[in-house]
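**Q** Quick one, structure for this:
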Amino acid sequence: MQVWKEYQEQNKERFLNELLDLLRIPSVSARSEHKEDMNKCAEVVKQRLLEAGADKATVYTTAGHPVVYGEKIIDASKPTVLVYGHYDVQPADPLNLWHNDPFNPTIKDGKIFARGACDDKGQFYMHVKALETMVKTNTLSVNVKFLIEGEEEVGSANLGKFLEDQKELLKADVILISDTAMLSMENPSIDVGVRGLTYIEVEVTGPNRDLHSGVYGGAVANPITILAKMIASLHDENNHITIPGFYDDVVLCSDAERKQLANAPYSEEEYKNDLGVKELWGEKGYTTNERTGIRPTLEVNGIWGGYTGEGAKTVLPSKAFAKISCRLVPNQTTAKTEKLLIDHLKKIAPAYITLKASLHHGGDPYMTPVDSIEYKAAAKAIEATFGKAPIPVRGGGSIPITALFESILGLKTVFMGFGLDSDNLHSPNEKYDIFNYYKGIETIPYFHKFYDEMK
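**A** Below you'll find the model as predicted:
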């Protein structure tokens, strides 16, 4: 609608500056020293919701970081859209790889470089500005609720209880999330599913103390060596995961869906050049898009032990550690995968080390039916602003809370993200194109309009 574009054009500089202010708050949920920053960010989000036209907005305390809730109710008989997002961000480490201060956003070549620029401050804030656009132009046609949490990057440990306690408050017809990516702005897409996640930490202990590697080396097992061998055994020569039963529940994609995935624009050379690699690696028999969308994976996210400081120290370490995650596809579950992984590691652990394993967090996979009203409304909204129908794709990442939304609130989720896979999520120099930010603000009101009409 022209009235939306006019309002957004008149206010676009303010929309951008407000996002930059939000990005300056180091709301790192994983670090205890940022507790006050988390509280500050929650209060700012609350204030921005009220300024955008929400009837009310509240910061709810939890056993961890706060949850921000807001709502604009225009008519109880109208559909209600519950917008989910998160204001917490990943740690910025390693800081020396950033080209700018991660919490002092820098604009270069039309892109915002800052931690949280895309994941997820830039994306959830589009919805706040979309609400303002509809309220100020008197065009809001549905009820809108906001649930913006502060623990997504650490597993949303307290959100399940919040959902249980606030079922009445959170009553809605659909969940709308912008925390995913498009193929490109030239080839818009919608994630019809996200993978699940199982994330564990492993501790391997050999001798009861660090040892002199000259005196004891060759006589006592080195925990780092043993852990490395165990991890290496988790894939075979075809890069197939070797854990017994790991693939038992995997739903194989039909030939039709694989054909549809193959239609998505993709250049292997561009992919390799962007990542700075000479060759790609993955499960034999599957394409890159299939490996990152329809197939489960197992990755080592971190491994350490022994002496890693400056200079040399000839030590045979007592302990070695690793963080291991699995991305899951329908119908795998976090609980079963966690057990399979830990049981297998214990089984293959040799007698000369002791192994401990613990779960960090996880979540089950989620799929949005492409014949649902919410998907059709999102697809129609994107076509209205991009001029072409979006390509349905499977997202490689995980949004663990979506399975809880369905099991606790009984609500389906639709993903409408405007990021790009190249936005360096969780990495140094995270970015978000200003064009994408504005495009999201332009598109979101159409979702509400079309959802109301279809509902």
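
**Q** okay, CA-based contacts and neighbour counts for the rest of this
**A** Noted.

**Q** helix or strand right after the lowest-mean-pLDDT helix or strand in the chain?
**A** Across the helices and strands of the chain, mean pLDDT, DSSP states H and E gives its lowest value to helix 255-262, namely a mean of 84. Per DSSP states H and E, the first helix or strand lying C-terminal to helix 255-262 is helix 268-275.

**Q** How about residues contacting that next one?
**A** Lys278, Glu279, Leu280 (CA atoms under 8 Å, 6 or more residues apart in numbering).

**Q** Tell me where the protein is predicted with low confidence.
**A** By pLDDT under 70, the chain has no low-scoring segment.

**Q** And the strands in the stretch 201-350 of the chain, which stretches?
**A** 211-212, 297-305, 315-316, 319-328 (DSSP state E, counting those that start in this stretch).

**Q** nearest to Val144, of those strands?
**A** Nearest of these to Val144, taken as CA to CA: strand 319-328 at 31.2 Å.

**Q** chain center to the closest one: distance?
**A** When distances are taken as CA atoms, centre = their mean, to the nearest Å, strand 319-328 is centred 18 Å away from the chain's centroid.

**Q** Lys56 contacts Lys72, doesn't it?
**A** Yes: under the criterion of CA atoms under 8 Å, Lys56 is in contact with Lys72, at a separation of 7.3 Å.

**Q** before we move on, the earlier item: determine which stretch of the strands of the stretch 201-350 of the chain is the most buried.
**A** Each of these was scored by mean neighbour count; the highest is strand 319-328, a mean of 23, by mean count of other CA atoms under 10 Å.

**Q** quick one, what contacts Tyr7?
**A** Thr133, Thr137.

**Q** Give me the three-state assignment for it.
**A** The three-state label given to Tyr7 by DSSP: H, G, I helix; E, B strand; the rest coil is helix.

**Q** any idea how far Glu132 is from it?
**A** Distance of Tyr7 to Glu132, given as CA to CA, to the nearest Å: 10 Å.

**Q** do Ile441 as well
**A** 10 Å.

**Q** residue ranges of the helices in the stretch 1-150 of the chain, please?
**A** Assigned by DSSP state H, counting those that start in this stretch, the stretch 1-150 of the chain shows helices spanning 2-23, 35-52, 121-136.

**Q** Could you give the separation of the second one from the chain centroid?
**A** Meaning helix 35-52. On the basis of CA atoms, centre = their mean, helix 35-52 sits 21 Å off its chain's mean C-alpha point.

**Q** C-alpha coordinates for stretch 427-434, PDB please?
**A** This file holds the C-alpha atoms of stretch 427-434, laid out as PDB (Å, rounded to 0.1, in the frame of the first residue of the first chain):
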ATOM      1  CA  SER A 427      31.000 -15.000  13.400                       C
ATOM      2  CA  PRO A 428      33.100 -11.900  13.400                       C
ATOM      3  CA  ASN A 429      31.900  -9.000  11.300                       C
ATOM      4  CA  GLU A 430      28.200  -9.900  11.400                       C
ATOM      5  CA  LYS A 431      26.300  -7.700   9.100                       C
ATOM      6  CA  TYR A 432      22.800  -6.800   7.800                       C
ATOM      7  CA  ASP A 433      22.100  -5.000   4.600                       C
ATOM      8  CA  ILE A 434      20.100  -1.800   5.200                       C
END
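
**Q** In this structure Leu409 contacts Leu169, no?
**A** No: Leu409 lies out of contact with Leu169 (CA under 8 Å); the separation is 10.6 Å.

**Q** higher neighbour count, these two?
**A** Leu409 (20 against 11; other CA atoms under 10 Å).

**Q** Give me the nearest residue to that one, chain neighbours excluded.
**A** Of all residues not flanking Leu409 in the chain, Lys167 sits nearest, at 6.5 Å (CA to CA, 6 or more residues apart in numbering).

**Q** Count the residues that sit near His240.
**A** 16.

**Q** pretty sure it is touching Gly285, no?
**A** No: contact criterion CA under 8 Å: His240 and Gly285 do not qualify, at 10.0 Å.

**Q** out of the contacts of helix 268-275, which one sits closest to Lys259?
**A** Leu280 (21.0 Å).

**Q** Show me the helices in the stretch 251-400 of the chain, by range?
**A** Using DSSP H, counting those that start in this stretch, helices in the stretch 251-400 of the chain cover 255-262, 268-275, 288-291, 334-348, 373-386.

**Q** and the ones you listed, which is most packed in?
**A** helix 373-386 (a mean of 21).

**Q** Quickly note the distance from Gly217 to Lys356.
**A** 24 Å.

**Q** now Val174
**A** 41 Å.

**Q** Which one of the two is surrounded by more residues?
**A** Neighbours were counted for Val174 and for Lys356 using other CA under 10 Å; Val174 has more, 22 against 13.

**Q** Next up, phi/psi of the more buried one, please.
**A** phi -160, psi 150 (degrees, to the nearest 10).
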